[in-house]
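Visitor: what shape does this take:
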Amino acid sequence: MKAPETISISGLSKSFNNSHYVLENINLSIQRGEFFILLGPSGCGKSTLLSMIAGFIEKTSGDLLVDQEEVKKPGRNRGVVFQQADAALFPWLTVKENVEFGLKMKKTPKDNRNKISTYFIELVGLKGHENKFPRELSGGMKQRVQLARVLANDPDILLMDEPFGALDAMTRRTMQTELVRIWKETNKTVIFVTHDIQEALLLGQRIGVMSVGPSSKIDHIYDIPLAFPRSFTDKEFNRYYQNIQAHFD
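Guide: Residues are numbered from 1 along each chain as shown. Model prediction:
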């Protein structure tokens, strides 16, 4: 049985200052619990599309529904993980305090905050680092804190804008593996933006390939039925890689 649709986009377009369209006629459906990749070159509008789903940017025309409701502003059902964790974390708060920040704003009782933050700090592999400040953490650890804070607020949807783009190659691979594990444990819907084909294939159940802008659209959607964990040395992995690479040659 097909999972219920959680995001429905039809004829979605965006222009700034009445000039050319950045995005034009985007059509996309994403199912609940799905790991979906938006893949495309820099400047194609994939981050703009993610920001529209988040409710940060208004559409110009078309329909954008989350759980059958038109997106008009940010909502608690959508959590955003940015590329630069430094910009997202509060430097004067510890790891635990950062993770609990949203819960505190919602006036969650202290005992519940402690249980929730402890669970998600352990889930992202930061047990033992609860009392450290962001300045004491590596880039990968900061991203783990950002992810734990978003998860602690229990959104239905994770919107991830090239979250591992600033990390070194080894840390990036570790975080990709960890993200798949966390996604499986939490059953969140994930929309992940990247320009890296390998990363897209390591993570995504489906990959939406975006055309070069302006007036960018989703050219093709690939179903990726490969089992997790995935390896870029796998024959089928490389077949998908070559097919997707052909869009950018």
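
Visitor: buried sites along the helix or strand bottoming out on mean pLDDT in the chain?
Guide: Across the helices and strands of the chain, mean pLDDT, DSSP states H and E gives its lowest value to helix 85-88, namely a mean of 81. Applying a neighbour-count criterion of 16 or more other C-beta atoms under 10 Å, the buried positions in helix 85-88 are 85, 88. To be clear about C-beta, it is placed using only N, CA and C from the backbone, and glycine gets the same treatment.

Visitor: counting contacts, what elements does that helix pack onto?
Guide: Helix 85-88 is packed against helix 139-152, with contacts defined by 3 or more C-beta pairs under 8 Å, 6 or more residues apart in numbering; DSSP states H and E.

Visitor: and residue 32, its phi and psi?
Guide: The phi/psi pair for residue 32 (degrees, to the nearest 10) reads phi -60, psi 130.

Visitor: meant to ask about residue 18
Guide: Taking degrees, to the nearest 10, you get phi 60, psi 20 for the backbone angles of residue 18.

Visitor: secondary structure class for the residue nearest the centre of the chain?
Guide: In the chain, the centroid-proximal residue (C-alpha atoms, centre = their mean) is residue 160; its distance is 2.0 Å. At residue 160, secondary structure determined by DSSP: H, G, I helix; E, B strand; the rest coil is strand.

Visitor: looking at it, it is touching residue 183, isn't it?
Guide: No - here residue 160 does not reach residue 183: they are 10.3 Å apart, not a contact under C-beta atoms under 8 Å.
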